[in-house]
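Enquirer: Turn this into a model:
(2 chains)
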Protein chains: 2
Amino acid sequence: MASNQEEVTLLGVIGSPFVCRVKIALKLKGVEYNYVEENLANKSELLLKYNPVHKKVPVFVHNGKPLAESLIIVEYIDETWKNNPILPSDSYQRALARFWSKVIDDKIVGASWKSVFTVDEKEREKNVAETHEALEFLENEIKDKKFFGGEELGLVDIAAVYVAFWIPLVQEIAGLELLTSEKFPNLYKWSQEFVNHPIVKESLPPRDPVFAFFKGRYESLFASK
Amino acid sequence: MASNQEEVTLLGVIGSPFVCRVKIALKLKGVEYNYVEENLANKSELLLKYNPVHKKVPVFVHNGKPLAESLIIVEYIDETWKNNPILPSDSYQRALARFWSKVIDDKIVGASWKSVFTVDEKEREKNVAETHEALEFLENEIKDKKFFGGEELGLVDIAAVYVAFWIPLVQEIAGLELLTSEKFPNLYKWSQEFVNHPIVKESLPPRDPVFAFFKGRYESLFASK
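Expert: Okay, the predicted model is just below:
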């Protein structure tokens, strides 16, 4: 639990999986914080000051010291508040956790997003195939474990909130089959376990407005075609 | 120094900045290792087995346990061999070192490479501008420090071997001005300091064959235009 002298602020937007990663980590640690919802169409002075390189959320501010990049923030949180460890204590396992988290960012987020938010069918097919290929690696990695971290939530689970919550949402919008129980039974089972974990459940955004927001964005692509 | 019981192997190619990062880290720690030069046109069984997700070098193998992704390997090396620390001991400084290393990979490597290896002038201009914008952040970050890590080499310096050695090489091939002493005096000064550091000097590939290799690749773009 954060002491009274800790000042923790998170700049975010409700529909961002990257912000949600930080929320889960903070909830897991029992850290209280001020949450500031940003308007990405009109970014705050604070956001631009604290993350001039990317001008993106999340931005995490601990006692006046700003940090950007969700996975780097989650590691910092884990190093700062020691209860409920997020990264494994063994250095090789820790390196593997970092590796799989990076795979999610490098191979799954971009491809799955592009498979939904495009009007080009060929582009869509290519990205669906790339998403499936990358999810297959996660399917083989989770096997019959409860979480990627074992019995408890860990870094890869938190990174994969995108897979558990956002992929089902955007695949429904576009009528795609990216993560299904038929294609990826272990990963699908994990995703159900994960979104129903009490810590995660309390950290996820409400589904309906996020669905509506991305449906609006999806349909605008076709309207302007 | 690695004990006699340690088995350390690095799969790499001579012209790769990502492999060079691992070489610098190992040299800094005084770890002896077997180096295996890969042929990327005909990847070894070992490479495909150890890095099935990316099928890329570097692959680092410690006592039979494989790891991929250069920055993750460097962190693992730093956690395993404790002498000559590469990451700062303070957790906020450590997070910042991870942040700037990621900026190099996300904002500089891709843009600078694309500014060289393209036949499209508009594409080139766009990527030159993006490279300059990102290098400006590094220029402001290094200021008048000797190294990004302070008085000693650290993670950001090692990540930035690409900036110090590869950018000057490929900008010469394409006749571009990406990193020059006029545009980025502090960063240029750092790059000279860095490539002349004894540990780095011994870890860099010989310039001429690497230059010839990339020149060949560059010219083939225009030949097939």
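Enquirer: Can you show me the strands along chain A?
Expert: According to DSSP state E, chain A carries its strands in the segments A:8-12, A:34-37, A:59-62, A:65-68.
Enquirer: hey, which of those strands is tucked in deepest?
Expert: strand A:59-62 (a mean of 24; mean count of other Cβ atoms under 10 Å in any protein chain shown). C-betas here are computed from N, CA, C, even on glycine.
Enquirer: Report the contact partners of the residue nearest the centre of chain A.
Expert: The structure's chain A has its C-alpha centroid closest to residue A:17; by Cα atoms, centre = their mean the separation is 3.5 Å. Residues near residue A:17 by Cβ atoms under 8 Å, 6 or more residues apart in numbering or on different chains: A:109, A:161, A:162, A:165, A:166.
Enquirer: what's the answer for residue A:214, then?
Expert: Residues near residue A:214 by Cβ under 8 Å, 6+ apart: A:15, A:169, A:170, A:173.
Enquirer: let's see 7 Å
Expert: A:169, A:170, A:173 (Cβ atoms under 7 Å, 6 or more residues apart in numbering or on different chains).
Enquirer: any idea how far it lies from residue B:19?
Expert: As judged by Cβ to Cβ, to the nearest Å, residue A:214 and residue B:19 stand 40 Å apart.
Enquirer: Show me which residues of chain A are close to chain B?
Expert: A:53, A:65, A:67-69, A:72, A:75-76, A:79-80, A:91-92, A:95, A:98-99, A:102-103, A:137 (Cβ under 7 Å from any Cβ of the partner chain).
Enquirer: quick one on the thing from earlier: with neighbour count and pLDDT as new columns, can the contacts of residue A:17 be given to me in TSV?
Expert: Formatted as TSV, those follow (neighbours: other Cβ atoms under 10 Å in any protein chain shown; pLDDT from 0 to 100):
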residue	neighbour count	pLDDT
A:109	19	98
A:161	23	98
A:162	22	98
A:165	21	98
A:166	23	98
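Enquirer: which two in these are spaced the farthest apart?
Expert: Of all pairs drawn from the contacts of residue A:17, the greatest distance, 12.6 Å, lies between A:109 and A:165 (Cβ to Cβ).
Enquirer: So what touches stretch A:157-165?
Expert: By Cβ under 7 Å, 6+ apart, the surrounding residues in contact with stretch A:157-165 are A:17, A:20-21, A:24-25, A:71, A:74, A:86, A:101, A:104, A:108-109, A:138, A:147-149, A:179, A:191, A:194-195, A:204.
Enquirer: what do you get if the cut-off is 8 Å, keeping everything else the same?
Expert: A:17, A:20-21, A:24-25, A:71, A:74, A:86, A:100-101, A:104-105, A:108-109, A:135, A:138, A:147-149, A:179, A:187, A:190-191, A:194-195, A:200, A:204.
Enquirer: Stretch A:71-81 now?
Expert: The contact list for stretch A:71-81 (Cβ under 8 Å, 6+ apart) reads A:2, A:21-22, A:25-26, A:29-31, A:58, A:60, A:62, A:67, A:85-87, A:98, A:101-102, A:105, A:155, A:158-159, B:91-92, B:94-95, B:98-99, B:102.
Enquirer: one more time with 6 Å
Expert: For stretch A:71-81, the external contacting residues (Cβ atoms under 6 Å, 6 or more residues apart in numbering or on different chains) are A:21-22, A:25, A:29, A:31, A:60, A:67, A:86-87, A:101, A:158, B:91, B:95, B:98-99.
Enquirer: what do you get for stretch A:143-155?
Expert: So stretch A:143-155 is contacted by A:86, A:87, A:97, A:101, A:156, A:157 (Cβ under 6 Å, 6+ apart).
Enquirer: ranking those by neighbours, who comes first?
Expert: Counting neighbours by other Cβ atoms under 10 Å in any protein chain shown, residue A:157 comes out on top of the contacts of stretch A:143-155 with 28 neighbours.
Enquirer: In space, what's closest to residue A:134 - neighbours in sequence excluded?
Expert: For residue A:134, ignoring the flanking residues on the chain, the nearest one in space by Cβ to Cβ, 6 or more residues apart in numbering or on different chains is residue A:107 at 3.8 Å.
Enquirer: Then residue A:204?
Expert: Closest to residue A:204 by Cβ to Cβ, 6+ apart is residue A:165, at 5.7 Å.
Enquirer: Roughly how far does that neighbour sit from residue B:42?
Expert: 42 Å.
Enquirer: mind giving me the domain split of chain A?
Expert: Chain A breaks down by automatic domain parsing into domains covering A:8-80, A:91-223.
Enquirer: Can I get those domains in TSV including distance to residue B:117?
Expert: Converted to TSV, these look like this (distance: least, Cβ to Cβ, whole Å):
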stretch	distance to residue B:117
domain A:8-80	24
domain A:91-223	20
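Enquirer: Show me which residues of stretch A:16-36 are buried.
Expert: Across stretch A:16-36, burial judged by 16 or more other Cβ atoms under 10 Å in any protein chain shown covers A:16-29, A:31, A:33, A:36.
Enquirer: how far does that stretch sit from the chain's center?
Expert: What separates the centre of stretch A:16-36 from the centre of its chain is 11 Å, taken as Cα atoms, centre = their mean, to the nearest Å.
Enquirer: next one: stretch A:48-61
Expert: How far stretch A:48-61 lies from its chain's middle: 17 Å, per Cα atoms, centre = their mean.
Enquirer: Then stretch A:190-203?
Expert: Distance, centroid of stretch A:190-203 to centroid of chain: 13 Å (Cα atoms, centre = their mean).
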